[in-house]
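Participant: with the input below, show me the fold.
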Amino acid sequence: MKRISPLASTAVGLVLGAMVFGAAPTSAQMPVVDWTTLPVISTISSVIKQVNSGISSLQDGIGSAVNGSVTELLLKGFTQNANYSKAQISAQQQIADASNTAMARFQRDVRNSQIRDQHTINPLICAGQDNGQTVIVGAGQSWKVARAIQDVNDNRGEANANTPAFYGTAQAIASNNDYHSKFYCSQTEADAGLCQLSATPNADQRASSLFGTGTYNGQQGVNDANAYAMTLIQPIVPAALRGSQLTSTMGEEARVRRREYNARVSLARNTLDYVMAAQTQSIPLSAEQQREMTDEGLPATQNGSWLQGLTLDVNRRYGSLNYAAQLMAMTPAALQREVAQELALTNYLLLHNYRLGMMNASTNATQLAAEAERSLEPTPMPTPSIVAN
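Facilitator: As a prediction, this is how the structure comes out:
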């Protein structure tokens, strides 16, 4: 049987004595130390420390075996956070670089598109160039036509050889009537038995023969306009001065007067010849000009006159819906080119207005000279005395 130690037996005896005798507790005036319990308490504390130390060692062993020590874990954690921060900064930099690159490319593409649009030729520019070339060519052709008509009319007005007036005034009158009866016989004249009614009666007396739609109807239209101009200016050509009429004393002044007459009539006819030549078919019309004629309700023709070419170009810029729509869609550079073309057209028209101004000034100067000549009445003068030297 196991024996109880003296310390344990003492503790048991104290408990039994307290229970049996029921002694009341007493208050100690001095600190009381139970020296018998100190070894027990010390033993218990030592055991607890050893247990805690074992647990800590176990935990450290387990942590070191799996993830390392706490210091290493903290170091690794801080290092990982730092790596995350660096990676985040690098990613943000790459995102910013990519965004800047994409925006730079976008802005470059926008600028390239603007440059392309600025240098892209608008179809209206091509149409304007075609019309301009047509007008320039028409001007040259019109000058040739005017010169040809002028040469024929000057030859007739001067009563040169092989013209009716060369043989006399009666022949000039008869030639004019014959020409009228053949091509411009009216109903009244036909009823009188003078001629047969023509397809264009009295066209040589009507201003519509000279000013029509802008282009004469072929050669017949040119003939009608020329006949009207001939009726308007110098319908009867005075007979030519021939033979002794030129060599006599009175013929000296007659020759001067005839040259004066020829010059003034030639100037008057030159103005009408210019008008006729501007409306003579002399140039091929472009597709854009023919389209404009159709839009205006006119029959589209392959050929036109210098005046019609200008008229179609002006009307296209002023009233064409297609032109207006393309004008609104133009880039600033294309619009500036179109304005430059219109300014060039304005200068061209001003130049021809200047030419007409010179012709008008010449006509006015001639009229002024004629009025001054008529106002100068001869004054009777005595026969001058001649003193012999």
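Participant: break the protein into its domains for me.
Facilitator: 44-78, 125-369 (automatic domain parsing).
Participant: dump these into JSON lines; add mean pLDDT as well.
Facilitator: Shown next, in JSON lines, are the domains of the chain (pLDDT from 0 to 100):
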{"stretch": "domain 44-78", "mean pLDDT": "67"}
{"stretch": "domain 125-369", "mean pLDDT": "88"}
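Participant: redo the ones you listed as TSV? Include distance to Y84 and mean neighbour count.
Facilitator: For the C-beta atoms, the positions are set from N, CA and C on the backbone; glycine is no exception. Output for the domains of the chain, formatted as TSV (distance: least, Cβ to Cβ, whole Å; neighbours: other Cβ atoms under 10 Å):
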stretch	distance to Y84	mean neighbour count
domain 44-78	11	11
domain 125-369	52	16
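Participant: need those in CSV with distance to K86, can you?
Facilitator: Shown next, in CSV, are the domains of the chain (distance: least, Cβ to Cβ, whole Å):
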stretch, distance to K86
domain 44-78, 13
domain 125-369, 50
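Participant: starting at the chain centroid, how far to stretch 253-266?
Facilitator: 54 Å (Cα atoms, centre = their mean, to the nearest Å).
Participant: circling back to that earlier point, looking at the domains of the chain, which is nearest to E377?
Facilitator: domain 125-369 (16.1 Å; Cβ to Cβ).
Participant: can you give me the strands for the chain?
Facilitator: Using DSSP state E, the strands of the chain run over 283-284, 303-304.
Participant: okay if I get the ones you listed as TSV plus distance to T366?
Facilitator: Listed next are these as TSV, based on distance: least, Cβ to Cβ, whole Å:
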stretch	distance to T366
strand 283-284	32
strand 303-304	33
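Participant: and these: which comes nearest K182?
Facilitator: That would be strand 303-304 among the strands of the chain, by Cβ to Cβ, at 27.1 Å.
Participant: from the contact counts, what lies against the closest one?
Facilitator: Here strand 303-304 touches strand 283-284, going by 3 or more Cβ pairs under 8 Å, 6 or more residues apart in numbering; DSSP states H and E.
Participant: then stretch 314-329 to CSV, C-alphas only?
Facilitator: Extracted in CSV, the C-alpha atoms of stretch 314-329 (Å, rounded to 0.1, in the frame of the first residue of the first chain):
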residue,chain,number,x,y,z
VAL,A,314,-22.6,81.5,-114.5
ASN,A,315,-26.0,79.9,-114.3
ARG,A,316,-24.5,76.7,-112.9
ARG,A,317,-22.8,78.6,-110.1
TYR,A,318,-25.9,80.7,-109.3
GLY,A,319,-28.8,78.3,-109.6
SER,A,320,-27.7,74.6,-109.8
LEU,A,321,-28.8,72.5,-106.8
ASN,A,322,-26.0,70.0,-107.5
TYR,A,323,-23.4,72.8,-107.4
ALA,A,324,-24.9,74.2,-104.1
ALA,A,325,-24.8,70.7,-102.5
GLN,A,326,-21.2,70.1,-103.4
LEU,A,327,-20.3,73.6,-102.4
MET,A,328,-21.6,73.0,-98.9
ALA,A,329,-19.6,69.8,-98.6
